[in-house]
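**Student:** sequence-free structure coming up:
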């Protein structure tokens with residue numbers, strides 16, 4: 001996320017999110033992200049008096065998304081552009097979590113704390129991170145750009161860019177090398 005992203009208006013962000021969620025406004029993930037965007041937008045209203053009715057509406061919508069769809073995504077979490085929340089149920093995002101652009105979060109995912117004596121340490125996801133169903137990413141770990149987390153994995157340490165984490169506790173699988181044909185093609189292009 002950069003400064004330019006912060007200048008994108010609420011409706012422009014929601015339009016991008018709608019496109020990222022396959023233009024289906026009924027998807028619970030899209031609704032959760034839209035409510036999150038609204039919650040962040042209302043905090044930009046300086047006057048507490050003017051903000052109050054929007055805060056009441058945000059709290060109602062946030063609770064509805066949490067209680068009906070099982071997606072807990074507080075406005076205090078930093079969300080990149082075009083983040084996709086696939087499916088619903090059992091998705092818990094810590095309020096201090098940072099989620100980069102173009103990430104995909106699936107059902108049953110937890111981005112939370114690892115230890116109760118470190119309540120503010122939440123995961124940071126780079127751009128294009130994919131989290132499999134049922135996975136838990138705990139503590140102040142950093143997932144590099146383009147990394148993946150396998151289904152039901154429990155990630156307790158950093159994952160390098162392009163790598164995959166699988167298992168409990170998760171082990172890192174290094175990114176695959178380019179296939180020989182692609183290497184040859186890229187060498188021809190650069191020559």
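**Tutor:** Structure's in. What do you need? A quick note: this is a predicted structure, and the numbers were derived from the prediction, not measured.

**Student:** now do the helix ranked longest in the chain: distance to the chain's middle.
**Tutor:** When the chain is parsed with DSSP state H, its longest helix is helix 48-64. Computed by C-alpha atoms, centre = their mean, to the nearest Å, the chain-centroid distance of helix 48-64 equals 23 Å.

**Student:** what average pLDDT does it get?
**Tutor:** The average pLDDT within helix 48-64 is 97.

**Student:** in terms of secondary structure, what does that helix contact?
**Tutor:** helix 28-42 (3 or more C-beta pairs under 8 Å, 6 or more residues apart in numbering; DSSP states H and E). No exception for glycine: its C-beta is placed from N, CA and C like everyone else's.

**Student:** which helices and strands does the helix it packs on pack with?
**Tutor:** So helix 28-42, by 3+ C-beta pairs under 8 Å, 6+ apart, packs with helix 10-20, helix 48-64, strand 71-72, strand 78-79, strand 84-85.

**Student:** adding mean neighbour count and distance to residue 136, write the ones you listed out as TSV.
**Tutor:** TSV is the format used below for those (neighbours: other C-beta atoms under 10 Å; distance: least, C-beta to C-beta, whole Å):
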stretch	mean neighbour count	distance to residue 136
helix 10-20	16	24
helix 48-64	13	22
strand 71-72	24	14
strand 78-79	20	19
strand 84-85	24	16
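
**Student:** where's residue 149 relative to residue 162, distance?
**Tutor:** In this view, residue 149 and residue 162 are 13 Å apart by C-beta to C-beta, to the nearest Å.
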